[in-house]
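A.B. asks: output the structure for:
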Amino acid sequence: QVQLSESGGGLVQAGGSLRLSCAVSGRTFARYPMGWFRQAPGKEREFVAAITSNGGTTYYADAMKGRFTISRDNAKNTVYLQMNSLEPEDTAVYYCAAGPKTAVKLLDYTYWGQGTQVTVSS
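C.D. replies: Below is the predicted model:
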């Protein structure tokens, strides 16, 4: 069983930064591509970023390119999302997800965390 736990969310002013972490249980973390998604109130969950199992390739939604950075530390079983230049439109619950493939679609991920709230004030 793989369990994911996000942390690092909070309240930040527009233009600020946050770093989200997602700790993953189990010894198979390094095998899993990882993704970050977010869901704003009244909206569908949407893709934010993804990273291959070895961290060699990353993917971003267009709105996040240049502002967000996904990374992982396989020795620590953790994936990160560095978010800079935050905007009120980034307010959402952020979820991390684990493989089995690097993808932008929710259905391509098997395991999900419980989410962490990010609120950006104007």
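A.B. asks: in this protein, where's the longest strand?
C.D. replies: Here the longest strand in the chain is taken by residue count, with DSSP state E as the criterion, and it is strand 92-100.
A.B. asks: buried set for that strand?
C.D. replies: Of all the residues in strand 92-100, those buried under the rule 16 or more other C-beta atoms under 10 Å are 92-99. Glycine gets a C-beta too; all of them are placed from N, C-alpha and C.
A.B. asks: could you do stretch 8-18 as well?
C.D. replies: Along stretch 8-18, these residues count as buried under the neighbour rule (16+ other C-beta under 10 Å): 8-9, 12, 18.
A.B. asks: with stretch 106-118 instead?
C.D. replies: Applying a neighbour-count criterion of 16+ other C-beta under 10 Å, one finds 109, 111-113, 115-116, 118 buried in stretch 106-118.
A.B. asks: could you do stretch 33-50 as well?
C.D. replies: Going by 16+ other C-beta under 10 Å, stretch 33-50 has these buried residues: 33-38, 45, 47-50.
A.B. asks: now do the end-to-end distance for it.
C.D. replies: 7 Å (C-alpha to C-alpha, to the nearest Å).
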